[in-house]
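> Need a 3D model of the sequence below.
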Amino acid sequence: MPSLEPKARKWDSETVCTLITENSSAFTFLEVSHAKVGVHTALLKHFSEHYSAVLFNHPTEPTVPVETDYNTLNRAIGWMYTGKLVKADQSPYTWEEALRFIQFARKYKILSLEVAFMSDAVTKIPVDATHLPPCSVIMQASKVGSVGFWASLCETYIKYWDPRSESIEMRKQRRALPVNFTNIVMEGKAMALARVMDEYAAKAGNDAQGLKGKDDHG
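Numbering: from 1, shown residues only. So this is what the prediction gives:
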């Protein structure tokens, strides 16, 4: 059975330059919040299966509305031209910004953008026991359909979540989290604890064996 996922077209400068050079005068304007961002039509169709279909059916449509925010759209278009996802102020992305990026990439079938964002920007989001993905992000991510982003949220909680340090308000919020997310996190933490206990037991056994060897040679 063929995959239902859109194709991932990996960004490369040669392809981008060729598309721009051979189609230099054809532009499409994506409109969001009363602002427009222009992009070479060939570039947009190359990366987005959604817009490839839309612009095939309506080739003379100069302006197309987009459901996202301006910053997400502008950075996504910037990636199409440069292959980079760095913000203008060089700051790392937040979990909320990451969610909006993934939602945009999934909705408009730009799988290569999602893959690039997951492997680059998401891995650089600051995280520790006090800076975990917000509950609101987890709730919305459960409906997006990105396996990679969902796994990243689960793995972050498994690694950093400490229920002992939570405020009462945070505990209340977490009660509303999807059951499958909670189950994955709890199972992951149980497995992590089991590994630690196994390592501790193995070390204790080695230490005891070492002491016995010394006594035997004493």
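> Which of the helices or strands spans the closest residue to residue 124 other than its chain neighbours?
Using CB to CB, 6 or more residues apart in numbering and skipping residues adjacent in sequence, the residue nearest residue 124 is residue 92, 4.9 Å away. For glycine as for every other residue, the C-beta is placed from the backbone atoms N, C-alpha and C. Residue 92 is part of no helix or strand, with elements assigned from DSSP states H and E.
> mind checking the backbone torsions on residue 92?
phi -70, psi 160 (degrees, to the nearest 10).
> pretty sure residue 70 contacts residue 32?
Yes - between residue 70 and residue 32 there is a contact at 5.5 Å, judged by CB atoms under 8 Å.
> between these two, which one's more packed in?
Per other CB atoms under 10 Å, whichever of residue 70 and residue 32 has more neighbours is residue 32, with 17 against 14.
> Next, give phi and psi for the nearest residue in space to the more buried one that is not next to it in sequence.
In space, and not counting its chain neighbours, residue 32 is closest to residue 66: 4.7 Å by CB to CB, 6+ apart. Phi and psi for residue 66, reported as degrees, to the nearest 10, are phi -130, psi 140.
> Any regions of the chain where pLDDT drops low?
1-9, 58-61, 193, 196, 198-200, 202-218 (pLDDT under 70).
> Please parse it into its domains.
Taking automatic domain parsing as the reference, the chain has its domains at 1-126, 127-218.
> Would you tell me what helix or strand the closest residue to residue 99 other than its chain neighbours is located in?
Nearest non-adjacent residue to residue 99, counting by CB to CB, 6+ apart: residue 137, 5.0 Å away. Per DSSP H and E: residue 137 is located in helix 135-141.
> and after that helix, which helix or strand comes next?
Along the chain past helix 135-141, the next helix or strand (assigned with DSSP H and E) turns out to be helix 147-160.
> Just the CA coordinates for that following helix, please, in CSV.
Output in CSV follows, covering the C-alpha atoms of helix 147-160 (Å, rounded to 0.1, in the frame of the first residue of the first chain):
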residue,chain,number,x,y,z
VAL,A,147,4.6,11.3,15.5
GLY,A,148,8.0,12.9,15.8
PHE,A,149,6.8,15.9,17.7
TRP,A,150,4.6,13.8,20.0
ALA,A,151,7.6,11.5,20.7
SER,A,152,9.7,14.5,21.5
LEU,A,153,7.2,15.7,24.1
CYS,A,154,6.9,12.3,25.7
GLU,A,155,10.7,11.8,25.8
THR,A,156,11.2,15.3,27.4
TYR,A,157,8.7,14.5,30.2
ILE,A,158,10.2,11.0,30.8
LYS,A,159,13.6,12.6,31.2
TYR,A,160,12.9,15.8,33.1
